[in-house]
Each structure stands twice: as structure tokens, then as C-alpha cells.
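Undergrad: Provide a 3D model corresponding to the input given below.
(one chain, ligands or ions: 1)
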Amino acid sequence: MTSDIKIPAFEATPLDSIPKIAASARSSYASQKTKDVEWRLVQLRKLWWGLTDYTEKLQAALKQDLNKPGHDALLSEINYTISDLNNTIKKLKAWAKDDTNLDYPLTFTALKPRLRKEPLGTALIIGPYNFPLMLNICPLIGAISAGCTAVIKPSESAPATAMVMKEMIEKYLDPTAFSVVNGMIPETAALLNEKWAKIFYTGGLTVAKIVARKAAETLTPVTLELGGRNPAFVSRSSDLALAARRLMWGKTLNAGQVCMSHNYVLVERDVVDDFIKCINATYKEFFPQGCQASPDYARVVNERQWDRMKKMLDTTKGRIVMGGELDRADRFISPTAVLVDSVDDPMMAEESFGPIWAILPYDDLDEAIKTMNTVDPTPLSLMTFGSKAENEQIINQVTSGGASINDSFMHGCVSTLPFGGVGESGTGSYHGKAGFDCFTHQRTMVTTPGWMDKLLRVRYLPHSPGDFKQFQWMNAAKPDFDRDGRKTSGSGLGYWLWMVLGLGGPSVKGALARWLLVLVGAWGAMTQYHKFSS
Ligand code: NAD
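TA: Numbers count the residues shown, from 1 in each chain. Below you'll find the predicted structure:
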């Protein structure tokens with residue numbers, strides 16, 4: 001990396017320019033240009049070049065903000081984002097096509113039902129500080145691919161990356177359609193006063209409630225990507241050394257400032273000592289010259305976050321069993337594990353969102369599951385290292401946004417898989433096709449041919465009991481369940497024969513009527529075709 005890279009000093013966007021920026025993004029959307037998939041592809045390809053040309057500058061900015069090692073900046077921010085982008089560029093035409101593979105009765109075939117993929121409009125994207133590039137640009141990829149225009153508000157806690165991103169986006173993308181507003185609470189508040197077609201927010205719960213409340217005033221749909229107290233589970237059936245190594249990775253990447261990393265680990269009581277030996281062995285292996293001297297370890301983003309975590313360590317009744325090195329002047333906290341004996345311990349009471357975590361021993365699996373469901377019933381992620389049966393039971397009985405079996409948050413590392421929370425850890429998801437869907441309205445459409453009017457007689461006035469009877473005869477299906485909700489048929493040969501014939505149900509009358517309609521439909525279409533071609 002060259003040392004002469006100049007990062008612009010942080011500058012808030014003038015407050016009075018914010019309504020104009022939002023209006024420009026709205027009128028750019030209203031111009032209809034974003035409806036053209038080729039236009040979107042051009043923007044995405046330009047973004048690809050922006051990320052590629054700005055790689056070194058972004059690495060330098062991430063280093064400045066979080067002491068993020070260049071290796072991590074590439075792996076978990078720049079390359080990850082480019083991988084999401086590559087996939088989107090490759091698949092966009094297929095995603096944007098009308099979806100005709102829909103579920104509808106055969107009788108409606110002639111209507112050619114389809115889902116048209118419409119952009120929602122102009123989106124606001126508000127990002128956090130921990131992966132300040134990826135967590136702003138991946139939602140932007142979703143917005144561009146869907147045909148939305150967007151304004152991005154990066155976190156002021158990662159000011160260097162915010163400035164470099166602004167420079168890159170303004171240089172490479174259509175400036176009427178995409179902009180970056182930098183600033184703090186007043187600038188975010190000014191943005192929230194604007195009308196958006198979608199708000200995509202990543203960050204903490206408190207601000208999420210402000211965003212959701214504001215969005216509710218104008219019935220604006222929101223996607224909320226939040227955090228939580230993520231549990232990890234380690235039983236005596238696990239490979240302890242592997243579990244230790246993988247969980248330590250989760251707390252060393254970005255100095256544990258990862259929304260998906262574990263907050264606490266439930267360890268079966270009789271392997272607690274061995275597990276502690278394993279994490280200490282991994283610590284030595286990861287940091288041969290000591291943690292603070294390691295070039296591969298990031299720093300806590302600012303003093304406020306450092307003080308918050310220091311307080312957790314000061315007030316715990318537990319015992320530090322690994323790490324525990326701190327240096328405020330350097331915003332340094334080593335990966336630190338604290339052995340606690342209660343869910344009420346301060347180490348368990350809030351999300352650490354950093355390199356510190358609790359170890360809580362458990363005696364039986366049901367008790368461990370109860371603990372997980374008590375501490376945080378809807379965490380963002382769940383990690384389990386147990387036997388097949390234990391893992392299965394935990395996955396069944398504890399919910400989470402995403403989950404990894406036998407690993408830390410590996411489920412979040414595949415850039416094309418849907419990523420999102422549940423309950424208090426968020427609503428909605430993105431990345432890959434889910435990113436496109438997140439900013440898309442699925443518009444149901446049908447085209448009713450003129451020749452169908454005879455068949456549609458039932459809906460017209462004056463109402464005719466005869467038409468209604470015929471309609472019912474054609475559409476009625478006998479239930480295959482009794483009054484207690486138990487299935488009464490559906491396993492016999494006859495049923496499967498009907499299904500194979502595509503008749504969709506046990507009612508012979510209805511099925512035959514549907515086939516008749518298809519034939520009438522085909523005949524109608526043929527007549528129309530001949531009329532036009534002669
Ligand atoms: P943050 O301080 O960077 O804030 C996030 C955004 O909210 C910033 O853009 C900030 O300017 C804005 N903001 C702050 N106060 C505001 C206010 N009063 N009104 C309007 N906007 C305001 O980040 P944070 O909130 O501290 O982020 C940490 C949390 O985010 C953690 O809980 C973490 O788990 C979660 N997180 C979730 C994900 C995810 O993808 N689910 C990713 C990263 C972080």
C-alpha cells in the first residue's frame with residue numbers, strides 16, 4: 001500500500017443541501033431511466049471499477065478508522081462486496097424478468113398471470129461503522145439492481161471511509177441518481193424528514209426505533225439490520241480445539257466488532273477447563289508476538305465504545321480466563337473471555353459488539369436452550385458445536401437471523417446468501433437475489449383476453465343463479481380433511497394419478513371442468529392467432 005494516499009478530512013454535508021439531494025434522487029427516479037436494466041448494469045459495472053480503482057484508498061481509510069488490517073479490508077469488505085457485485089451483474093437480467101412460475105388454478109391460465117419486478121423508488125441507506133464499506137455498498141448494489149435511486153448516509157464513527165466512499169460514488173455513479181450525505185444526528189434527522197420509497201438501516205436497536213417511528217409517519221417500508229446477544233454452544237461432543245479456533249476467529253476479525261460474533265458461549269460444565277486451555281492455546285498461536293503488537297489485529301472504533309466495554313469488564317462478577325489486556329490511548333482491547341456463573345452478569349446483559357465475551361457453564365442441554373431463549377430470544381446469529389442430535393435440537397428450539405453449525409458466523413460469509421435478522425435483530429434481508437428483492441415491488445399482473453368474457457359472465461349484472469351454479473361446479477373441490485382437521489384422503493393411487501395429470505385436487509368434476517377450460521382457452525387463442533395472421 002502506498003503511503004502518499006490522501007484521505008480527505010471529514011466534512012458534514014451542509015444541512016440546507018439535503019432536501020435538494022433527496023429531490024435530485026427522486027426526480028432522477030421519476031425520469032424513468034432506472035427502469036432500463038441495461039442502465040442499471042452500467043451503474044453496477046462502474047461501481048465495480050470504482051471499487052477496483054479505489055481499493056488501496058479504501059484500505060487506507062479502513063486502516064485509519066479501525067486499524068483494519070489490509071488483509072481483512074480486502075477479505076471481509078472490498079472483495080466480499082465485489083463478489084456480491086459480480087454475482088448481481090451476472091444474474092440481474094434473469095432476476096429482473098417477469099416471474100411466470102406462479103401458483104394459480106389451471107382455470108386462470110389464459111390470464112397469463114405474472115409478477116412484474118418494479119423498483120420501489122428512491123431509497124435511503126443508513127450504515128454503521130464496523131464494516132463501513134460493505135454495509136453501505138452491499139445495500140446499494142441491491143438498490144441499483146432493483147432500479148432504485150439512492151442516498152447513502154455512512155456512519156460518522158468511520159469518517160475516513162465515509163469520505164472516500166463519497167468521493168468514489170460521486171466519481172463513478174450517475175450523480176443525479178446516487179449521492180452520499182455525510183454527517184451526524186442532524187444530517188440523519190434531515191434525511192429522515194424526506195419522503196423515501198424505502199429506508200434501509202443497519203445499526204443498533206435504539207436508533208432503529210427512531211428510524212422505524214419516522215418511517216411509520218409516511219408508511220415507508222423499512223429493512224432493519226440490527227444486532228443482538230448471539231449465543232454459541234459447545235458440548236463435550238465437539239472438537240474443542242476446533243471450536244476454540246473458530247470462535248476465536250469470530251472475535252479477532254475486526255476486533256470482534258462484528259454483529260454476528262458470539263456474545264457468550266455456553267460450555268458443558270465438565271469440558272469448561274479444557275475449552276479454556278484451547279482458547280488460550282489459540283490466542284498464543286494467533287498472536288506469537290503478543291496481541292497489541294500484532295499487525296493483524298484491529299482497534300476499537302472510538303473511546304466511547306472502548307469505555308463501554310471497559311465498564312462491562314469492570315462490573316462483571318466473573319473471572320477473566322483469557323486476554324484481558326487493555327490500552328485506552330491505543331483503543332486496544334485484546335480478545336478477552338470472562339468465565340461467569342449467571343445470566344444476570346453484566347457480560348451477558350448487553351451486546352459486547354467487540355472482542356470481549358462470556359463463558360457460561362451449563363449442565364444439560366434443555367437448560368442451555370432455556371438460557372439462550374431467556375438471554376435474547378431473537379439474536380442475529382447462533383453458532384453450535386455439538387453432536388448431530390444436539391445441533392439439531394438447538395437449531396429447532398432457538399431461533400436466530402442465521403446460524404452456523406460447527407463454525408462461528410460462516411453463514412454470513414457467503415456474499416450471495418440472504419442475510420438478515422429476526423425479531424429484535426432485524427427485519428428483512430439482502431445480499432445476492434435477496435438484495436434485489438429487498439428494493440423491488442412484486443407487482444401481480446394478468447391480461448384478460450376478450451374471448452374470455454363468456455366464461456366470465458358470472459361476475460356481470462344482472463346476477464344469474466344459473467351462472468353461479470355453473471361457476472361453482474367448475475371450481476368446487478371437496479376437502480380432503482375432516483372437521484377435526486385430519487387428512488381424509490390424499491395418499492391413495494387415485495390421488496397421485498390426479499396429481500400426475502396436473503389436475504390439482506381430488507374433485508373430478510372440477511378437474512374435468514378445468515381441462516375443458518384449457519381446451520376452450522387454447523381454441524380461443526388459436527382463433528385469435530388465425531384472425532391476426534390471415
Ligand atoms: P453507528 O453509531 O455507526 O450508527 C448507525 C447509524 O445510525 C449511523 O449512520 C449514525 O449516523 C446513525 N445515527 C446514530 N444516532 C442517530 C440518531 N439519533 N438518529 C438518527 N440516526 C442516528 O452504529 P451503531 O448503532 O452503534 O451500530 C452498532 C450496532 O449495529 C450493533 O448493535 C451491531 O450489532 C449492529 N450492526 C448490525 C449489523 C447487521 O448487519 N445486522 C451490522 C453491523 C452492526
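
Undergrad: of all of the stretch 251-400 of the chain, which residue lies closest to the ligand?
TA: residue 259 (3.4 Å; CB to the nearest ligand atom). All C-beta atoms are positioned from the backbone trio N, CA, C, and that covers glycine.

Undergrad: show me what contacts residue 470?
TA: residue 458 (CB atoms under 8 Å, 6 or more residues apart in numbering).

Undergrad: is it true that it lies in a strand?
TA: No: in this structure, residue 470 is helix, not part of a strand, as judged by DSSP: H, G, I helix; E, B strand; the rest coil.

Undergrad: And it, how close does it get to the ligand?
TA: Look at residue 470 and the ligand: by CB to the nearest ligand atom, to the nearest Å, they are 54 Å apart.

Undergrad: Also residue 444?
TA: Taking CB to the nearest ligand atom, one finds residue 444 at 30 Å from the ligand.

Undergrad: go on, residue 170?
TA: In terms of CB to the nearest ligand atom, residue 170 sits 18 Å off from the ligand.

Undergrad: which ones are touching that residue?
TA: Counting by CB under 8 Å, 6+ apart, residue 170 makes contact with 179, 180.

Undergrad: Make sure it is indeed in a helix.
TA: Yes: Residue 170: assigned to a helix according to three-state DSSP.

Undergrad: just checking, residue 130 touches residue 258?
TA: Yes: applying CB atoms under 8 Å as the test, residue 130 and residue 258 come out as touching, 6.6 Å apart.

Undergrad: The ligand contacts on this protein?
TA: 126-130, 135, 153, 155-157, 184-185, 188-189, 202-204, 207, 210, 225-227, 259, 351, 353, 380, 421, 426 (CB under 6 Å from any ligand atom).

Undergrad: Which of those fall in strands?
TA: 126, 153, 202, 225, 426 (DSSP state E).

Undergrad: Excluding chain neighbours, what is closest to residue 231?
TA: Spatial nearest neighbour of residue 231, excluding adjacent residues (CB to CB, 6 or more residues apart in numbering): residue 372 at 4.5 Å.

Undergrad: Report how many residues lie close to the one you found.
TA: 26 (other CB atoms under 10 Å).

Undergrad: Quick one: mean pLDDT for the helix or strand hosting it?
TA: Taking DSSP states H and E as the criterion, residue 372 maps to helix 365-375. Mean pLDDT, helix 365-375: 97.

Undergrad: got it, and stretch 67-79?
TA: Stretch 67-79 comes out at a mean pLDDT of 97.

Undergrad: Determine how far it lies from the middle of the whole chain.
TA: How far stretch 67-79 lies from its chain's middle: 20 Å, per CA atoms, centre = their mean, to the nearest Å.

Undergrad: ditto for stretch 301-320
TA: The answer for stretch 301-320 is 29 Å, by CA atoms, centre = their mean.

Undergrad: Mind listing what's buried along it?
TA: By neighbour count with 16 or more other CB atoms under 10 Å, stretch 301-320 contains the buried residues 301, 305, 306, 309, 310, 312, 313, 316, 318.

Undergrad: Point out the ones among those that are inside helices.
TA: Among these, the members found in helices (DSSP state H) are 305, 306, 309, 310, 312, 313.

Undergrad: List the contacts of the last one.
TA: Contacts here follow CB under 8 Å, 6+ apart; on that basis residue 313 touches 320, 324, 326, 336, 338, 347, 356.

Undergrad: any low-confidence regions in this structure?
TA: Residues of the chain that meet the criterion pLDDT under 70 lie in 1-3, 489-515, 517-518, 521, 524-525, 527-534.

Undergrad: Closest residue of it to the ligand?
TA: For the chain, CB to the nearest ligand atom, closest residue to the ligand: residue 227, 2.0 Å.

Undergrad: For that residue, grab the count of nearby residues.
TA: Counted by other CB under 10 Å, the residues lying close to residue 227 total 28.

Undergrad: so it makes contact with residue 353?
TA: Yes: under the criterion of CB under 8 Å, residue 227 makes contact with residue 353 at 6.3 Å.

Undergrad: shared neighbours of these two, anything?
TA: Each of residue 259 lies in contact with both residue 227 and residue 353 under the rule CB under 8 Å, 6+ apart.

Undergrad: wait, the residue nearest to residue 231 sits on residue 263?
TA: No: counting by CB under 8 Å, residue 372 does not reach residue 263; the two are 10.8 Å apart.

Undergrad: Residues that sit against both of those two, list them.
TA: By CB under 8 Å, 6+ apart, the residues touching both residue 372 and residue 263 are 231, 379.

Undergrad: just to revisit the earlier point, state the distance from the residue nearest to residue 231 to residue 239.
TA: Counting by CB to CB, to the nearest Å, the gap from residue 372 to residue 239 is 21 Å.

Undergrad: So which bits of the helix or strand where residue 161 lies are buried?
TA: In the assignment (DSSP H and E), residue 161 maps to helix 159-172. Across helix 159-172, burial judged by 16+ other CB under 10 Å covers 159, 160, 161, 162, 163, 164, 165, 166, 167, 168, 169, 172.

Undergrad: what do you get for stretch 239-253?
TA: Along stretch 239-253, these residues count as buried under the neighbour rule (16+ other CB under 10 Å): 240, 243, 244, 245, 246, 247, 248, 249, 250, 251, 252, 253.

Undergrad: which non-adjacent residue is nearest the second one?
TA: Same thing as residue 243. Nearest to residue 243 is residue 385, by CB to CB, 6+ apart, at 4.0 Å.

Undergrad: OK, contacts around that neighbour?
TA: Counting by CB under 8 Å, 6+ apart, residue 385 has contacts 232, 233, 234, 235, 238, 239, 242, 243, 246, 406.
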